[in-house]
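# Model the following, please.
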Amino acid sequence: MYVQTFSKTYAMTGWRVGYLTGPREVVDAAAQVHRTHNGSLNTAIQRAALAALDLPDSVMGAMVDTYRQRRELVIAHLSDIPGLHLVPPEGAFYGFLRYDNDRPSEAVARKLAERKVMVRAGAEYDPSGEGHIRISFAASEDDLRTGLARIVGHLDVTRS
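So this is what the prediction gives:
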């Protein structure tokens, strides 16, 4: 079996497009589940996925380099800040930032949204995600710097 998504490789996050290959009976069963629970993708997304498959490898290489630079910017910005902890992600363009105070992650995400910084509450992923927010590196370096400064200012654990 081989399962592939377009989310990260082709920066098509949220579109929920991918493909599966394998034994016919497994693919048929997966297709039935997909049709029942997800429905079909619109034509524009299907065409974008097909076009992505024709891109030269150099396009993805450049995109990976850009994400690597953004990842390093985030890590550098958040390291050495007391009360904030980010384990460097290995294969994604987002990371979970743990903060050392008792504020619920839903409240932190809501307050950051009011400051024009969109993050996901860690509790959305699992109860063990409480005390974390998920931050994305899929933004320009300038936007990352602005957003990170706002996050650090809001999560200033020395004021908690």
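
# Return the set of buried residues in stretch 121-133.
Of the residues in stretch 121-133, 121, 122, 123, 129, 130, 131, 132, 133 count as buried by neighbour count, 16 or more other C-beta atoms under 10 Å. Just so you know, the C-beta spots here come from the backbone N, C-alpha and C atoms, and that holds for glycine as well.

# can you give me the helices for the protein?
Listed in chain order, the helices found in the chain under DSSP state H are 24-37, 43-53, 57-78, 105-114, 141-154.

# Quick one: mean pLDDT over stretch 130-140.
Taken as a whole, stretch 130-140 has an average pLDDT of 94.

# How about stretch 38-56?
Here stretch 38-56 scores 88 as its mean pLDDT.

# Keeping just the C-alphas, turn that stretch into PDB.
The C-alpha trace of stretch 38-56 is given here as PDB (Å, rounded to 0.1, in the frame of the first residue of the first chain):
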ATOM      1  CA  ASN A  38     -15.800  13.000   2.900                       C
ATOM      2  CA  GLY A  39     -17.500  13.400  -0.400                       C
ATOM      3  CA  SER A  40     -15.800  14.500  -3.600                       C
ATOM      4  CA  LEU A  41     -13.300  17.200  -4.100                       C
ATOM      5  CA  ASN A  42     -14.300  20.100  -6.400                       C
ATOM      6  CA  THR A  43     -12.900  20.300  -9.900                       C
ATOM      7  CA  ALA A  44     -10.500  23.100  -9.200                       C
ATOM      8  CA  ILE A  45      -8.700  21.200  -6.400                       C
ATOM      9  CA  GLN A  46      -8.500  18.100  -8.600                       C
ATOM     10  CA  ARG A  47      -6.900  20.100 -11.500                       C
ATOM     11  CA  ALA A  48      -4.500  21.800  -9.100                       C
ATOM     12  CA  ALA A  49      -3.400  18.300  -7.800                       C
ATOM     13  CA  LEU A  50      -2.800  17.100 -11.300                       C
ATOM     14  CA  ALA A  51      -0.800  20.200 -12.200                       C
ATOM     15  CA  ALA A  52       1.300  19.700  -9.000                       C
ATOM     16  CA  LEU A  53       2.300  16.200 -10.200                       C
ATOM     17  CA  ASP A  54       3.900  17.800 -13.300                       C
ATOM     18  CA  LEU A  55       6.000  20.300 -11.300                       C
ATOM     19  CA  PRO A  56       9.800  19.700 -11.500                       C
END
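
# Lovely, talk soon.
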